[in-house]
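Engineer: What would the 3D arrangement of this be:
(2 chains)
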Amino acid sequence: MLNKDVFGLIYASEDNYNLRELVIERSVAALPIGGRYRAIDFTLSNMVESGIKNVGVITLKNYKSLMDHLGSGKEWDLARKNNGLLVMPPYDTTASKGIYQGMCDAVYSKIDYLRRASQDYCLLSGSYTIYSTDYSRMFEEHIKKNADITIMYSTEEKKTDEAIYDDVRLYTDEDGRVTDIEYESKLSRSNKLGMDVYLMNKTLLETLVRNACARGKYDFVTDVLIPNINKLKICAVPHKGYVGRLTSLNDYFNINMDMLKKDVQRDLFAAGHPVYTKIKDEPPVKYKENASVENSILGDGCTVDGSVENCVIFRGVSVGRGAKLRNCIIMQECTIAEGCELTNVIIDKFSEIKHDIRLMGAPGFPVVIRKGAII
Amino acid sequence: MIRNKKRCVAMILAGGQGSRLGVLTKYRAKPAVPFGGKYRIIDFTLSNCTNSGIDTVGVLTQYEPLELNSYIGSGAAWDLDSVTGGTFVLPPYMAKDSGRWYSGTADAIRQNVFFIDLYDPDYVLVLSGDHVYQMDYNKMIRAHREKGADVTIAVLKVPLSEAHRFGVMMTDGEGRVTEFAEKPKEPKSDLASMGIYVFSWKKLKEYLKKDAEDENSDNDFGKNVLPAMLSGGEKLYAYRFSGYWKDVGTIESLWEANMELLDSRGVNLWDKDLKVYARNPNKPPHYVGFGAEVRNSMIAEGCNVYGKVEHSVLFPGVTVKEGACVRDSVIMQDAVIEENSTVIKTIIDEDTKILEGARVGGDGEITVLGANVTVEAGAVIPEGGRTEPKSTVKKG
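Structural biologist: The predicted structure is shown next:
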């Protein structure tokens, strides 16, 4: 258990216009995913399941939805007398105007949180990576190798150019020490892809971000890791299971669809490693007379009276009689009226599709309906 | 000592064994019996309290309390873990010179008079943890106050042929009770008591004391206290309730209440004003696989369905494998129905496994399997069968 040694710090300020309409009103961390979760649930649950009891979340843009979601941290068992969850929205200080240009100044503006933490090590993480792990092994390796910084990575070949957002490729020697890092390189030959999660001593983190900020540099990878590759002992530990990265609209679509696969479900929602999320107290899903559902996941509180195939349906959605949904992602509390036909469509929360509407996206180019739309 | 004065304290009678539920209540009290895909029976009463703005609730337990107590916990799941009130599980206890089990419903309240007095309430709401219904108790308390009643009894119109199972009363034009009979052989009225009472606390205390002094009393509200209050000239009023209400105390009524949910004749779990809360199992959304068929059913989180599910209720974490068929059944948490087995008109308790090709139940009488049962591959359990918890049913 890591509760005495490690505290978590989640940088939930990511903004990524590759995710288009989905991030207009929310940060990437608050993206709904997998029928009942938000992106941050996975990282946060990983921390909790690793025994970390002290977690800070740094927010920037539109943090209302994130604060509403996280609340006191009760659902993650982080509403504690000692430690627990602290959501830190931006605020104006002499050191920072509360508007971050990168992870460095974001962390630096919350430096008193780091100093006050009773644990010596900080697990610094982004919030757009979807995976399930126990960080204990990463911590053991970090200590054993006497590393300054340890990075978790997964093995992944390079994808299309579109997916190159925040692509951190690592080169390591036989001991797992990082010898080179390439950032958003289209020519990289490495298949070791960083997972945006770093473990290090909190004093080192403080020094690194302060030095970067002092020089007007704010990016953790290009301004902290890469310049220090020879000065610091940066090590890498592999993660073997499924990893989804919410770096583009297509990735968003594909990660949701991945959750229909048995092996991905087994990996992300393994017995004994729950993924926690905000509880909504919805009744079980009601399947009516004309329901016909195949290869889909459905969150609680839905009613289904139509046909649903290869879909991810979030909590509280209603699918009207005779509606036909294929390859769709329907977020919380949407209403799909009778006779609608939707293929390759992503519908954001609280939208209403009136009866007999047909919406058709192409594979790889899903139609996106904005939050609260009425069609 | 008065902690915080409360207008109303709710006391839930949850000590019943529910012996007619047989294998389902062998190791748990009746209020802890699972119902409706993710709930337990007591969720309805606890949620009603929250939805009525009552924040101080005593739960009186006696029979097999472990599962119930751990389920209720701090009451947080029902938003009943308030700073000034809260949820209190109240089992029978040893006192300095005495100590005994609760001998009846009225005795259970009497033994906890000191608890109620901590809050110095005007009214005490006595409830049963055995019933499935949604109700705003506030309206009933308001009626009680407006009438200046000493006790108000929630009543439901039932078919006259059924009335002998209930406390039955006659009322005047104002709704004041003129006659009351507990489970009469020949009922004179179809107004049945739902076992929900609002008492003016001072008056109730007086009658509880008298009742305890009477050695011949069964210490029961319906049998003893209410008749005593009526003959004592106190003001008893009936409060008419017209929604869905069901005593799920038998296998038949439990099964029926689940089926009524599917046919939209049961409680309205989608009612936002009278939301039903429950402890959350924290499982991923359920998955329905290729080739699965699900119709007229309710399926909770964490289920995996590859077979056919028709007109059934599946609790969290249930697996129905390829070629399996489940019809008119209630399958509780984490049960597994393996390949090519059939389950018809059966209630299956938690963690039970039906292995490949087994046949359970039939269209006639309801079949009931206890928790942690293993039905071996190819085994057959005929309709109406009962299987004890933790047992194994072999083939042939």
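Engineer: Count residues in the vicinity of B:V380, would you?
Structural biologist: If you count neighbours by other Cβ atoms under 10 Å in any protein chain shown, B:V380 ends up with 15. For glycine as for every other residue, the C-beta is placed from the backbone atoms N, C-alpha and C.
Engineer: residue contacts, the nearest residue to it once chain neighbours are set aside?
Structural biologist: Nearest residue to B:V380, sequence neighbours excluded (Cβ to Cβ, 6 or more residues apart in numbering or on different chains): B:R359, at 4.7 Å. The neighbourhood of B:R359, defined by Cβ atoms under 8 Å, 6 or more residues apart in numbering or on different chains, consists of B:341-342, B:379-381.
Engineer: give me that answer again for 10 Å
Structural biologist: B:325, B:340-344, B:375, B:378-382 (Cβ atoms under 10 Å, 6 or more residues apart in numbering or on different chains).
Engineer: Of all residues in the stretch 101-250 of chain A, which one is closest to chain B?
Structural biologist: Nearest residue of the stretch 101-250 of chain A to chain B: A:S132, at 11.0 Å (Cβ to the nearest Cβ).
Engineer: list the buried ones in the longest strand belonging to chain B?
Structural biologist: Among the segments of chain B that qualify as a strand by DSSP state E, the longest is strand B:191-200. For strand B:191-200, burial by neighbour count (16 or more other Cβ atoms under 10 Å in any protein chain shown) applies to B:191-200.
Engineer: Quick one: end-to-end length of stretch B:259-273, please.
Structural biologist: Terminal residues of stretch B:259-273 lie 23 Å apart, using Cα to Cα, to the nearest Å.
Engineer: Counting neighbours, which bits of it end up buried?
Structural biologist: Result for stretch B:259-273 [16+ other Cβ under 10 Å]: buried residues B:259-262, B:266-267, B:269-270.
Engineer: Need the residues you listed in TSV (columns: distance to A:K192, pLDDT and secondary structure).
Structural biologist: TSV is the format used below for these (distance: Cβ to Cβ, whole Å; pLDDT from 0 to 100; DSSP: H, G, I helix; E, B strand; the rest coil):
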residue	distance to A:K192	pLDDT	secondary structure
B:M259	56	97	helix
B:E260	57	96	helix
B:L261	52	95	helix
B:L262	52	95	helix
B:G266	55	90	coil
B:V267	55	93	coil
B:L269	49	95	coil
B:W270	49	93	coil
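Engineer: circling back to that earlier point, quick one: the residue nearest to B:V380 from B:T342, how far?
Structural biologist: Distance, B:R359 to B:T342, using Cβ to Cβ, to the nearest Å: 5 Å.
Engineer: all helices of chain A, in order?
Structural biologist: In chain A, the helices defined using DSSP state H lie at A:39-49, A:64-70, A:103-109, A:111-116, A:136-144, A:202-214, A:220, A:249-258, A:262-268.
Engineer: of all those helices, which lies closest to B:V168?
Structural biologist: Closest to B:V168 of the helices of chain A is helix A:64-70 (Cβ to Cβ; 49.9 Å).
Engineer: Which residues in the closest one does the neighbour count mark as buried?
Structural biologist: So for helix A:64-70, counting by 16+ other Cβ under 10 Å, buried means A:65-66, A:69-70.
Engineer: One more: stretch A:344-356?
Structural biologist: Buried residues in stretch A:344-356 (16+ other Cβ under 10 Å): A:344-349, A:351-353.
Engineer: What residues does the residue nearest to the spatial centre of chain A make contact with?
Structural biologist: Nearest to the geometric centre of chain A sits A:Y128, at 2.9 Å (Cα atoms, centre = their mean). Contact analysis of A:Y128 by Cβ under 10 Å, 6+ apart lists A:11-12, A:14, A:16, A:19, A:27-29, A:31, A:39-40, A:42-43, A:165-166, A:196, A:244-247, A:251-252.
Engineer: That one and A:G73, how far apart?
Structural biologist: Applying Cβ to Cβ to A:Y128 and A:G73 gives a distance of 20 Å.
Engineer: Give me the contact list for the least confident helix or strand in chain B by mean pLDDT.
Structural biologist: Ranked by mean pLDDT, DSSP states H and E, the weakest helix or strand in chain B is helix B:65-72, scoring a mean of 89. The contact list for helix B:65-72 (Cβ under 10 Å, 6+ apart) reads B:12, B:14-15, B:27-33, B:40-43, B:46, B:57, B:59, B:61-62, B:77-78, B:80, B:87-89, B:91-92, B:129, B:278-279.
Engineer: From the residues you listed, list the buried ones, please.
Structural biologist: Taking 16+ other Cβ under 10 Å as the criterion, what is buried in the contacts of helix B:65-72 is B:12, B:14-15, B:27-33, B:40-43, B:46, B:57, B:59, B:61-62, B:77-78, B:80, B:87-89, B:92, B:129, B:278-279.
Engineer: In stretch B:165-172, which residues are buried?
Structural biologist: Applying 16+ other Cβ under 10 Å to stretch B:165-172 flags B:166-169, B:171 as buried.
Engineer: which residues touch that stretch?
Structural biologist: Against stretch B:165-172 from outside (Cβ under 10 Å, 6+ apart): B:153, B:155-156, B:158, B:160, B:176-184, B:186-195, B:220-223, B:226-227, B:230, B:236-238, B:240, B:247, B:249.
Engineer: what about the helices in chain B?
Structural biologist: With DSSP H as the criterion, chain B has helices at B:41-51, B:65-72, B:105-110, B:113-117, B:137-147, B:201-213, B:226-231, B:251-262.
Engineer: and stretch B:177-195, C-alpha only, in CSV?
Structural biologist: Taking only C-alpha atoms (Å, rounded to 0.1, in the frame of the first residue of the first chain), the coordinates of stretch B:177-195 have been written out as CSV:
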residue,chain,number,x,y,z
VAL,B,177,-61.9,5.3,12.9
THR,B,178,-65.0,3.9,14.7
GLU,B,179,-64.1,0.2,14.7
PHE,B,180,-60.8,-1.7,14.4
ALA,B,181,-60.2,-5.4,14.1
GLU,B,182,-56.8,-7.1,13.5
LYS,B,183,-57.1,-9.9,11.0
PRO,B,184,-60.8,-10.5,11.5
LYS,B,185,-62.4,-13.8,10.2
GLU,B,186,-65.3,-11.9,8.8
PRO,B,187,-64.2,-8.4,7.9
LYS,B,188,-66.8,-5.7,7.8
SER,B,189,-64.8,-3.3,5.7
ASP,B,190,-62.3,-3.2,2.9
LEU,B,191,-60.1,-0.5,4.5
ALA,B,192,-56.9,-2.3,5.4
SER,B,193,-54.1,-1.0,7.5
MET,B,194,-50.8,-0.8,5.7
GLY,B,195,-48.8,-1.0,9.0
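Engineer: Show me what counts as buried in it.
Structural biologist: Neighbour counts using 16+ other Cβ under 10 Å place B:177, B:180-182, B:187, B:189-195 of stretch B:177-195 among the buried residues.
Engineer: which residues of chain A score low on pLDDT?
Structural biologist: Counting by pLDDT under 70, the ranges of chain A that qualify are A:1, A:93-98, A:158-163.
Engineer: make that the stretch 1-150 of chain B, sorry
Structural biologist: For the stretch 1-150 of chain B, the stretches flagged by pLDDT under 70 are B:1-3.
Engineer: Those residues of it touching chain A, which are they?
Structural biologist: Listed as neighbours of chain A in the stretch 1-150 of chain B under the rule Cβ under 10 Å from any Cβ of the partner chain: B:36-39, B:43, B:47, B:76-79.
Engineer: hmm, 6 Å instead?
Structural biologist: Contact residues (Cβ under 6 Å from any Cβ of the partner chain) of the stretch 1-150 of chain B with chain A: B:37-38.
Engineer: in the stretch 1-150 of chain B, what residue is nearest chain A?
Structural biologist: Closest contact between the stretch 1-150 of chain B and chain A, by Cβ to the nearest Cβ, is at B:G37 (3.6 Å).
Engineer: Grab the nearest non-local neighbour of that residue.
Structural biologist: Going by Cβ to Cβ, 6+ apart, B:G37 has A:P284 as its nearest residue, at 3.6 Å.
Engineer: Identify the residues contacting stretch B:129-137?
Structural biologist: By Cβ atoms under 6 Å, 6 or more residues apart in numbering or on different chains, the surrounding residues in contact with stretch B:129-137 are B:12, B:14, B:16, B:30-31, B:42, B:44-45, B:48, B:52, B:125, B:245-248, B:257, B:267, B:274.
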